[in-house]
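Enquirer: Below: sequence and its predicted model.
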Amino acid sequence: MLEAPVVLLIMFIALITLIVLGFHIFVVLGMVSLVGTYLLFGDLGITLELASSSAYAVLRNAVFAAIPLFVLMGEFMSRAGMATDLYKIANYFLVKLPGRLAIATVLGNAVFAAVTGVSVASAMTFSRIAYPEMMKFGYNRSFALGSIAGSASLGMLIPPSVLLIVWGIIIEKSIGKLFLAGFIPGLILALLMGIYVSVRAGMKPELAPSKIEGEPEETVPTAREMISGFGVIVLILLVLGGLFAGFFTPMESAAVGCGGAIIFSYIKGLRWAEYRTAVVDSGKTIAPILVLLMTAAMYAKFLALGSVVDMIQDIITGMGLGPFGITVLMILIWLALGTLIDSISIILLTVPIFWPLAEAGGWNVNAFAIFGILAIEAGLLTPPLGLLVYTVKGAVPDSSVTLTEIFAGSIPYWMLMLVVMIIVWAFPITATFLTTFS
């Protein structure tokens with residue numbers, strides 16, 4: 001048996017080393033948890049019993065039903081082409097605005113992201129839908145790519161968000177209230193992005209030409225496209241409205257949303273073979289998330305057994321940074337991790353340690369969650385390895401696109417995310433107003 005501070009140091013070094021070497025995060029969490037617990041107790045039986053009990057307790061939690069159902073809902077709607085229809089509707093009704101295709105991309109991404117709850121899925125979808133359209137109209141390539149990558153970050157903020165579900169599970173707080181907390185900041189961010197696009201395109205029309213010479217005006221969306229596109233909005237209102245009114249729990253709202261997605265996608269033309277494929281593909285997305293959560297539960301148990309959180313809290317508070325300095329330190333860590341690993345992994349690694357520090361500093365639980373999500377999502381746009389940037393690079397149907405172009409176009413959106421972070425930090429009511437009614 002080793003003293004807890006020694007075990008903490010060894011496991012911290014092992015954690016960072018394994019991540020840098022490229023090991024998958026669930027392997028790292030599992031190894032650190034098992035080895036660390038063994039070093040604390042010196043008994044293999046106790047180690048395995050604690051690991052198995054913590055993992056089992058997490059996976060049997062009914063809260064986890066919300067994750068696969070929301071992912072499945074997004075899969076049904078994506079395969080039915082509802083994102084494309086939503087984009088066409090937004091594009092048609094914004095015809096008088098400068099940069100209307102980029103604004104339609106921001107709005108379409110915001111609404112579709114609210115359905116899928118996964119920013120990477122939104123980035124992939126709109127890279128294929130919006131990029132060819134903007135190129136056809138002669139948009140500046142970096143400007144177009146930035147609107148896709150930047151607005152995809154809304155996927156983790158506007159509910160229902162997989163990240164908010166994971167965050168709520170980790171800190172054992174109300175997921176429904178976290179959903180409501182993300183709504184107003186998400187709308188503020190989407191609005192700021194839309195204003196930026198319109199103002200920039202108005203000041204420099206060459207970035208976003210309004211139409212192609214000789215091309216006919218945009219055609220009116222068909223009745224089926226209108227039903228399909230507005231069906232996305234209806235489902236969002238149903239899910240959030242049910243949560244706000246207290247009619248549904250998060251799990252029930254996920255089931256209602258998934259059922260609604262089946263109806264709308266059937267109207268759009270999806271049939272049995274495509275539903276079956278959607279279920280299989282969503283399973284490929286869900287399984288790694290559940291494995292991550294299982295190993296994260298083991299990791300959290302290890303931190304609790306070794307009083308690791310208390311030790312880290314003592315170390316950081318001993319630095320004399322104060323609540324402001326500690327919050328800035330968290331932001332820097334989140335931005336740095338965002339260039340290396342995915343959002344869920346960042347939450348699993350940091351939230352068990354950061355939340356007690358934030359709570360001691362006077363943070364509201366819901367405001368801190370939204371603040372943290374914004375910082376983590378900003379990290380996904382941070383050079384040199386922003387995950388959303390690489391997603392767009394791999395998804396756009398143009399091999400000549402460079403990472404530099406996407407990063408350059410994404411910088412204004414990255415800055416807007418920092419602005420909303422500061423707003424939530426300075427005015428927590430922006431993230432807590434709706435939660436007071438639930």
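Expert: Received it, and whenever you're ready, just let me know what you need. Numbering: from 1, shown residues only.

Enquirer: mean confidence score for the host helix or strand of M421?
Expert: M421 is part of helix 403-426, with elements assigned from DSSP states H and E. Helix 403-426 carries an average pLDDT of 92.

Enquirer: how about the helices of the stretch 51-200 of the chain, start to end?
Expert: Using DSSP state H, counting those that start in this stretch, the helices found in the stretch 51-200 of the chain span residues 66-79, 82-93, 100-116, 119-136, 141-152, 162-171, 175-203.

Enquirer: Look up how far V351 lies from I13.
Expert: Here I13 is placed at a distance of 21 Å from V351 (Cβ to Cβ, to the nearest Å). Every residue, glycine included, has its C-beta placed from N, CA and C.

Enquirer: quick one: which of the two has more around it?
Expert: Set I13 next to V351 and count neighbours by other Cβ atoms under 10 Å: V351 wins out with 22 against 10.

Enquirer: helix or strand for the more buried one, which one?
Expert: With DSSP H and E as the test, V351 turns up in helix 343-360.

Enquirer: tell me what that helix is packed against?
Expert: Helix 343-360 sits against helix 25-41, helix 162-171, helix 272-305, helix 308-318, helix 322-338, helix 365-379, with contacts defined as 3 or more Cβ pairs under 8 Å, 6 or more residues apart in numbering; DSSP states H and E.

Enquirer: Show me what counts as buried in the first one.
Expert: It stands for helix 25-41. By neighbour count with 16 or more other Cβ atoms under 10 Å, helix 25-41 contains the buried residues 25-26, 28-40.

Enquirer: now swap in the third one and tell me
Expert: By neighbour count with 16+ other Cβ under 10 Å, helix 272-305 contains the buried residues 275, 278, 282, 285-286, 289, 291-303, 305.

Enquirer: Mind exporting the C-alpha coordinates of the helix holding V351 to PDB?
Expert: Extracted in PDB, the C-alpha atoms of helix 343-360 (Å, rounded to 0.1, in the frame of the first residue of the first chain):
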ATOM      1  CA  SER A 343     -15.900  16.600 -25.200                       C
ATOM      2  CA  ILE A 344     -17.300  13.600 -23.300                       C
ATOM      3  CA  SER A 345     -13.800  12.500 -22.300                       C
ATOM      4  CA  ILE A 346     -13.000  16.000 -21.100                       C
ATOM      5  CA  ILE A 347     -16.100  16.100 -18.900                       C
ATOM      6  CA  LEU A 348     -15.300  12.600 -17.400                       C
ATOM      7  CA  LEU A 349     -11.700  13.700 -16.600                       C
ATOM      8  CA  THR A 350     -12.300  17.100 -15.200                       C
ATOM      9  CA  VAL A 351     -15.800  17.600 -13.800                       C
ATOM     10  CA  PRO A 352     -15.400  15.300 -10.800                       C
ATOM     11  CA  ILE A 353     -12.500  17.500  -9.800                       C
ATOM     12  CA  PHE A 354     -13.700  20.900 -11.000                       C
ATOM     13  CA  TRP A 355     -17.200  20.900  -9.700                       C
ATOM     14  CA  PRO A 356     -16.300  20.800  -5.900                       C
ATOM     15  CA  LEU A 357     -13.900  23.700  -6.600                       C
ATOM     16  CA  ALA A 358     -16.500  25.700  -8.400                       C
ATOM     17  CA  GLU A 359     -19.100  24.900  -5.700                       C
ATOM     18  CA  ALA A 360     -16.700  26.100  -3.000                       C
END
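
Enquirer: Give the rounded mean pLDDT of that helix.
Expert: 84.

Enquirer: Could you report the pLDDT at the residue nearest the centre of the chain?
Expert: The residue lying closest to the centre of the chain (Cα atoms, centre = their mean) is M156, at 2.5 Å. With respect to pLDDT, M156 has a value of 76.

Enquirer: OK, contacts around R128?
Expert: Applying Cβ atoms under 8 Å, 6 or more residues apart in numbering, we find R128 in contact with A395, V396, P397.

Enquirer: now it: how far from F112?
Expert: Between R128 and F112 the distance is 12 Å, computed by Cβ to Cβ.

Enquirer: Also F407?
Expert: Using Cβ to Cβ, we find F407 at a distance of 23 Å from F112.

Enquirer: of the two, who's got more company?
Expert: Per other Cβ under 10 Å, whichever of F407 and F112 has more neighbours is F112, with 29 against 21.

Enquirer: now what about the helix or strand of the chain with the lowest mean pLDDT, what contacts it?
Expert: In the chain, the helix or strand scored least confidently by mean pLDDT, DSSP states H and E is helix 308-318, which has a mean of 73. Contacting residues not belonging to helix 308-318 are listed as A4, P5, L8, F302, L303, I326, L329, P352, I353, P356, L357, A360 [Cβ under 8 Å, 6+ apart].

Enquirer: Could you identify which of those residues has the most neighbours?
Expert: Counting neighbours by other Cβ under 10 Å, F302 leads the contacts of helix 308-318 with 28 neighbours.

Enquirer: Provide a list of residues in contact with that one.
Expert: Residues near F302 by Cβ under 8 Å, 6+ apart: M11, V32, S33, G36, T37, L40, V308.

Enquirer: swap the cut-off to 10 Å and go again
Expert: By Cβ atoms under 10 Å, 6 or more residues apart in numbering, the residues touching F302 are 7-8, 11, 29, 32-40, 47, 50-51, 54, 308, 352.

Enquirer: low-confidence ranges in the chain?
Expert: Low-confidence segments of the chain, defined by pLDDT under 70: 1-2, 4, 58-59, 61-64, 113-118, 211-219, 306-309, 340, 385, 438.
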